[in-house]
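*Asks:* Give me a 3D structure for the following:
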Amino acid sequence: MTISTNTTDDLQLIFQNLKSKARITSRTTVQERIDKLKKLEAYLRNPANITSLEVALYADFKKHPVEVMSSEISAIIQQITHVKKNLSRWMADKVVDTPITLVGTSSWIKYESKGVCLILSPWNYPFNLSILPLIYAIAAGNTVLLKPSELAAHTAHFINNMLSELYPQDEVTVLEGDASLASRLLSLPFNHIYFTGSPQIGKVVMTAAAQNLSSVTLELGGKSPAIIEKSAPISEAAEKCVWAKHFNNGQTCIAPDYLLVQESVAEEFTKAYQKSINAFYNPENKGIKNSPDYCRIINDRHFNRIKALFDDAIAKGAKVLAGGEFDETERFISPTLLGNVSHDMKIMEEEIFGPVMPMMTFKDINEVVEIIYEKPKPLSLYVASKNNAFINEIISKTSSGGTVINDYLLGYLNPELPFGGVNNSGIGKAMGFHSFVDFSNERGIVKRNFGTLSFIYPPYNGFKQKLVSFLAFKLS
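*Replies:* Below you'll find the predicted structure:
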């Protein structure tokens, strides 16, 4: 469904239909929820549908089918498989221990659906980051209103057609529209809002949610550091970093955003980084711009934003160690490595979200810790090292949403791990059971089976005072 000039009354009607149906979906069984996910899985296993999604993502990004499958489709299939395997256990009531002071009672946690959920998805992985939270919202028994990003318009239209075919609109409604639609949606009293995007817009979402006391999950971003310590295999570390930085043209929330390379290996790392760029995107010396494996920046605004960060860095003394080519007509930015970078450059203050990598050097671990500590807590932190003492000290003296050692991007691939940021890089956790809980209300239940607390009811006296003191201090 495309919304353009529809009134607030139209949105209210859509919301009320979802709210009415939520009373039914909240009581669905494990099998009924799994059957809904199987419909989605079957759709994505159809080669014709895969081709249609590939065409949409190429139109939005010039994204290669390998990247479509690895980052947009396979992750969704894996998550559905994980839910099917575990949902029965997740939905079961969880019995908890009873303290001696509550003898005669039993206690358990019941996972109940939150109700009507709003999913505001981003443009950088427009399919994956729309469908992944939808999977868990359905698994938890909610109804959903999904607004995909209008910046990836072809993929948003694919999502709309797919979900309209698979689910009744009073269970899953997709609305296509721009930021003004998102603003109107945020005024509605959703039970939960799941937003993926920038910290700046995350603040807007959280402010709006506060008006209705809606719970939120904010999957944000920030400046994720990549630390290269001298004991790491430098060539391998550079190759992995180049892959992670330029996957989806750097438009990845967990992409390494800046490098901290130990001074003694900086020259070696730079050469290895340059070599890996050519090996990936220019193996036949036909030019990176002609590589079918290198996608593009999403739109002119983001192209110009990245170019402005680059220009500011150059004006303040940064040196181009690789790349530095910009073509606005194609929204092409070559894989770029910058040296001689300083903290007063805007590129060290803002998340880049593109294929430009600033590199700083360090002598000892204290410099690294200080640089990371002074910035907002990152979504991901990367360490390349064979020195376990160095690795452990980095982990113990820094904070991040997740950490990957001797590789990149892997924190998103294990559904047993919580995925998400901390403070500026996000609120709430996703993946597996963590996502199921995020879309559920953990309802604590206490049942009195026998006995009573009447021995401490009023009127009070000295004996009762001694009794409650004994219970508080001796039996705790």
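*Asks:* wait, is residue 320 part of a helix?
*Replies:* No: read with DSSP: H, G, I helix; E, B strand; the rest coil, residue 320 is strand and lies in no helix.
*Asks:* Next, count neighbours for it.
*Replies:* When counting by other C-beta atoms under 10 Å, one arrives at 17 neighbours for residue 320. For every residue, glycine as well, the C-beta is placed using N, CA and C.
*Asks:* Break the chain into its domains for me.
*Replies:* The chain breaks down into these domains under automatic domain parsing: 8-220+426-443, 225-412.
*Asks:* Figure out how far the longest one is from the centre of its chain.
*Replies:* Taking C-alpha atoms, centre = their mean, to the nearest Å, one finds domain 8-220+426-443 lying 12 Å from the centre of the chain it belongs to.
*Asks:* With the shortest one instead?
*Replies:* On the basis of C-alpha atoms, centre = their mean, the separation between the geometric centre of domain 225-412 and that of its chain is 19 Å.
*Asks:* residue contacts, the residue nearest to residue 208 when sequence neighbours are not counted?
*Replies:* Excluding the flanking residues, the one nearest residue 208 by C-beta to C-beta, 6 or more residues apart in numbering is residue 186, at 3.8 Å. Residue 186 makes contact with 118, 193, 204-205, 208-209, according to C-beta atoms under 8 Å, 6 or more residues apart in numbering.
*Asks:* Identify whichever of the domains of the chain lies nearest to residue 458.
*Replies:* With C-beta to C-beta as the criterion, residue 458 lies closest to domain 8-220+426-443 of the domains of the chain, at 18.6 Å.
*Asks:* what distance separates the start and the end of that closest one?
*Replies:* In domain 8-220+426-443, first residue to last residue: 33 Å (C-alpha to C-alpha, to the nearest Å).
*Asks:* Backbone dihedrals for the spatially closest residue to residue 257 that is not a sequence neighbour, both of them.
*Replies:* In space, residue 257 comes closest to residue 223 once its chain neighbours are excluded; the distance is 4.3 Å by C-beta to C-beta, 6+ apart. Phi and psi for residue 223, reported as degrees, to the nearest 10, are phi -100, psi 100.
*Asks:* who are the neighbours in contact with residue 223?
*Replies:* By C-beta under 8 Å, 6+ apart, the residues touching residue 223 are 257-258, 348, 350-352, 375-376, 378.
*Asks:* for the stretch 201-350 of the chain, what spans make up the helices?
*Replies:* With helices called from DSSP state H, counting those that start in this stretch, the stretch 201-350 of the chain shows them at 234-246, 266-281, 300-315.
*Asks:* Check which helices and strands the first one is in contact with.
*Replies:* Contact analysis of helix 234-246 by 3 or more C-beta pairs under 8 Å, 6 or more residues apart in numbering; DSSP states H and E lists strand 225-228, helix 266-281, strand 380-384 as its packing neighbours.
*Asks:* how does it look with 6 Å?
*Replies:* helix 266-281 (3 or more C-beta pairs under 6 Å, 6 or more residues apart in numbering; DSSP states H and E).
*Asks:* by contact count, what packs against the helix it packs on?
*Replies:* By 3+ C-beta pairs under 6 Å, 6+ apart, helix 266-281 packs against helix 234-246, strand 319-322.
*Asks:* Report the separation between residue 94 and residue 446.
*Replies:* Using C-beta to C-beta, to the nearest Å, residue 94 is found at 14 Å from residue 446.
*Asks:* typo on my end, it should be residue 472
*Replies:* Computed with C-beta to C-beta, the distance linking residue 472 and residue 446 is 19 Å.
*Asks:* One more: residue 317?
*Replies:* To residue 446, residue 317 is 64 Å away according to C-beta to C-beta.
*Asks:* same check, this time on residue 102
*Replies:* Counting by C-beta to C-beta, the gap from residue 102 to residue 446 is 7 Å.
*Asks:* quick one, which of these two is more surrounded?
*Replies:* Taking neighbours as other C-beta under 10 Å, residue 102 and residue 446 compare with residue 102 leading, 14 against 11.
*Asks:* List the contacts of the more buried one.
*Replies:* Shown in contact with residue 102 (C-beta atoms under 6 Å, 6 or more residues apart in numbering): no residues.
*Asks:* Mind doing that once more with 8 Å?
*Replies:* By C-beta under 8 Å, 6+ apart, the contact list for residue 102 reads residue 446.
*Asks:* before we move on, what about residue 234?
*Replies:* Taking C-beta under 8 Å, 6+ apart, we find residue 234 in contact with 228, 265, 268-269, 272.
*Asks:* at 6 Å what do you get?
*Replies:* Counting by C-beta under 6 Å, 6+ apart, residue 234 touches 265, 268-269, 272.
*Asks:* By neighbours, which of these wins?
*Replies:* Within these, neighbour counts (other C-beta under 10 Å) peak at residue 269, which reaches 24 neighbours.
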